[in-house]
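Visitor: Starting from these lines, generate the structure:
(chains A and B)
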Amino acid sequence: QKEVEQDPGPLSVPEGAIVSLNCTYSNSAFQYFMWYRQYSRKGPELLMYTYSSGNKEDGRFTAQVDKSSKYISLFIRDSQPSDSATYLCAMSVSGTASKLTFGTGTRLQVTL
Amino acid sequence: GAVVSQHPSRVICKSGTSVKIECRSLDFQATTMFWYRQFPKQSLMLMATSNEGSKATYEQGVEKDKFLINHASLTLSTLTVTSAHPEDSSFYICSAMRGAGNQPQHFGDGTRLSIL
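Guide: So this is what the prediction gives:
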């Protein structure tokens, strides 16, 4: 079993839809949770960074962490074609200076 | 935001060649840099952690004599794939962390390495 599971998609939604992206994990020691966006042939770009459980909002993006269920989510409101990319979840045990464990990424396509 | 530059973006070379990839933090000093490898449709896998002025820490299963890492300054780390073979073909990505503490990692745009 992988430490971090993420549905690879692809996920196709119409412009303006609310997108829900999720990851589950097995290591209860993970405490730091990140979401990255990766465009084709580019490196991952940090979108959200949260510590422990709870919600964090930044513009159209909301990250949720439920440590009791070992489940994290990223919601994108009013999705745009420019949001089309691969979204990677990542997590670590003891902070970002330590090893990040990534999901495989979910490919999102926002259509006009 | 933080900018990490990686060069070259694409390399195609013959088997047996050694290839050097550079990772630079352009607008901050990076005490720690990381090197990842990404196969198609798979996760980024950490290869090694590089701290300025000290030896890199390699993940289990990564050959340190094959993948030489040098972090000689606070803005530059290099990865050299020595005597590369077709199985070394992959997407290599570096990341850098600004300062100390729990700062997020910022990634370069990767290097696609193809060994013929």
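Visitor: List the contacts of B:K41.
Guide: Contacts for B:K41 (C-beta atoms under 8 Å, 6 or more residues apart in numbering or on different chains) come out as A:P8, A:T104. Just so you know, the C-beta spots here come from the backbone N, C-alpha and C atoms, and that holds for glycine as well.
Visitor: which other helices and strands contact the one helix or strand B:F34 maps to?
Guide: Using DSSP states H and E, B:F34 maps to strand B:30-38. Other elements packing on strand B:30-38 under the criterion 3 or more C-beta pairs under 8 Å, 6 or more residues apart in numbering or on different chains; DSSP states H and E are strand B:19-25, strand B:44-51, strand B:67-73, strand B:76-81, strand B:90-98.
Visitor: so of those strands, which one's packed in deepest?
Guide: strand B:90-98 (a mean of 24; mean count of other C-beta atoms under 10 Å in any protein chain shown).
Visitor: Any chance of CSV for the helices and strands packed on strand B:30-38, columns mean pLDDT and distance to A:D83?
Guide: Shown next, in CSV, are the helices and strands packed on strand B:30-38 (pLDDT from 0 to 100; distance: least, C-beta to C-beta, whole Å):
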stretch, mean pLDDT, distance to A:D83
strand B:19-25, 96, 27
strand B:44-51, 92, 21
strand B:67-73, 91, 34
strand B:76-81, 96, 31
strand B:90-98, 91, 21
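Visitor: Including distance to chain A, could those go into a markdown table?
Guide: Shown next, in a markdown table, are these (distance: least, C-beta to the nearest C-beta, whole Å):
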| stretch | distance to chain A |
| --- | --- |
| strand B:19-25 | 10 |
| strand B:44-51 | 5 |
| strand B:67-73 | 14 |
| strand B:76-81 | 14 |
| strand B:90-98 | 5 |
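Visitor: Which one of these lies nearest to A:D7?
Guide: strand B:44-51 (17.1 Å; C-beta to C-beta).
Visitor: Beta-bridge partners for residue 21, please?
Guide: In the absence of a named chain, chain A is used. Counting by DSSP bridges, A:L21 forms beta bridges with A:L74.
Visitor: actually it's chain B I care about, not the one you picked
Guide: Under the criterion used (DSSP bridges), B:I21 bridges to B:L79.
Visitor: quick one: contacts for it?
Guide: Residues near B:I21 by C-beta under 8 Å, 6+ apart: B:Q6, B:H7, B:P8, B:V11, B:T78, B:L79, B:T80, B:V81, B:Y92, B:C94, B:T111, B:L113.
Visitor: returning to that earlier point: got the contact list for the strand holding B:F34?
Guide: Here strand B:30-38 has contacts from A:97, A:100, B:4, B:23, B:25, B:44-52, B:67, B:69, B:71, B:74-75, B:77, B:79, B:90-100, B:105, B:110, using C-beta under 8 Å, 6+ apart.
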